[in-house]
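*Asks:* Below are the sequence and a predicted model for it; my questions follow.
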Amino acid sequence: MNSMRLRPVLTALGLNAVPAWGWFVGEWSAGTMLVLYWLETLIGTLFLACLIIIHRRIRPSRGHWDYHAPQGQASQTGSGRSTYLTTFLVPAVTFTAAHGIFLAALGFIAIKNNLSPEARVNVHDLLAGLIGIALFQSADFIFDLIWLRDRPFAWIEKLGQITFARVIVVHLTIIGGMAAVIFTGANRNFFGVFIFLKNLMDRIGSPKYKNTTFAQFWKQTDDQEDARVARNEKPMEASVA
């Protein structure tokens, strides 16, 4: 059990060590860093989508096919049924795609107007960082697959909430740091502050619920959530009537 609790922490540290090393030691450009962070969130989103698809095949809970979101969270499909895959993937991919377009425009403007050499992307550095990040994300994905059959729907729902929150916070934080470096000529150390904030977000968001059992999760759920969680957790076969 201790190793299961330690693994998400080590994964988060590994994922953040790669870009941190590139920035502080490898002198990677700000543009390279930004594209690398964007790719990290995209890969993480796609890996989680794969986990959701596999989980609903081996544990077809009602929440996968007729998802009830927490109070205050808008449905992505309006009226009618909404799968959890759609509820997670549509906003995550939309936000990531919009962010990618924004980054491309930002980089084009910076390079065209010669605002800063930091805006340029070094393909060699980017590939090196991408390989490192992909290795850690792939290892984390494989370990999740090993114990996926024993995970309740509540686990994968919480993982989706954490992932989407991280997508938003990381993107907005890194955009702010990048804009400061590219357009104001701020010292490279200024962007290091945003790398630290990104690391902190990963540490806060990653391990809390990832390796809890259903009984542990149930105790942490407040009374207003009990009915919703129980409904989503029911086997699909038993709920069709």
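*Replies:* All right, it came through fine.
*Asks:* May I see the buried residues of the host helix or strand of Glu40?
*Replies:* Taking DSSP states H and E as the definition, one finds Glu40 inside helix 30-58. Under the neighbour-count criterion of 16 or more other CB atoms under 10 Å, helix 30-58 has 30-49, 51-52, 55-56 buried. (Glycine included, C-beta is placed from N, CA and C.)
*Asks:* How about the contacts made by the spatially most central residue of the chain?
*Replies:* The residue lying closest to the centre of the chain (CA atoms, centre = their mean) is Thr163, at 3.4 Å. Thr163 makes contact with 44-45, 48, 88, 92 under the criterion CB atoms under 8 Å, 6 or more residues apart in numbering.
*Asks:* Can you tell me which of these is closest to Arg62?
*Replies:* Among the contacts of Thr163, Phe88 lies closest to Arg62 (CB to CB), at 16.1 Å.
*Asks:* Would you mind listing the buried residues in the helix or strand hosting that closest one?
*Replies:* Secondary structure assignment for Phe88, by DSSP H and E: helix 84-112. The neighbour-count check on helix 84-112 (16+ other CB under 10 Å) flags 84-85, 87-89, 92, 95-96, 99, 103, 106-107, 110-111 as buried.
*Asks:* any idea how far the next helix or strand along the chain from that helix is from the chain center?
*Replies:* Downstream of helix 84-112, the first helix or strand assigned by DSSP H and E is helix 123-146. Distance of helix 123-146 from its chain centroid, counting by CA atoms, centre = their mean, to the nearest Å, is 13 Å.
*Asks:* which outside residues touch helix 123-146?
*Replies:* Defining contact as CB under 8 Å, 6+ apart, one finds that helix 123-146 is touched by 7-8, 11, 14-15, 18-19, 22, 26, 28-29, 32, 35-36, 39-40, 43-44, 47, 50-51, 54.
*Asks:* Can you find the helix or strand of the protein with the lowest average pLDDT?
*Replies:* helix 214-220 (a mean of 54; mean pLDDT, DSSP states H and E).
*Asks:* what helices or strands is the helix or strand that that helix is followed by leaning on?
*Replies:* Using DSSP H and E, the helix or strand that follows helix 214-220 towards the C-terminus is helix 223-233. Here helix 223-233 touches helix 62-65, helix 153-184, helix 214-220, going by 3 or more CB pairs under 8 Å, 6 or more residues apart in numbering; DSSP states H and E.
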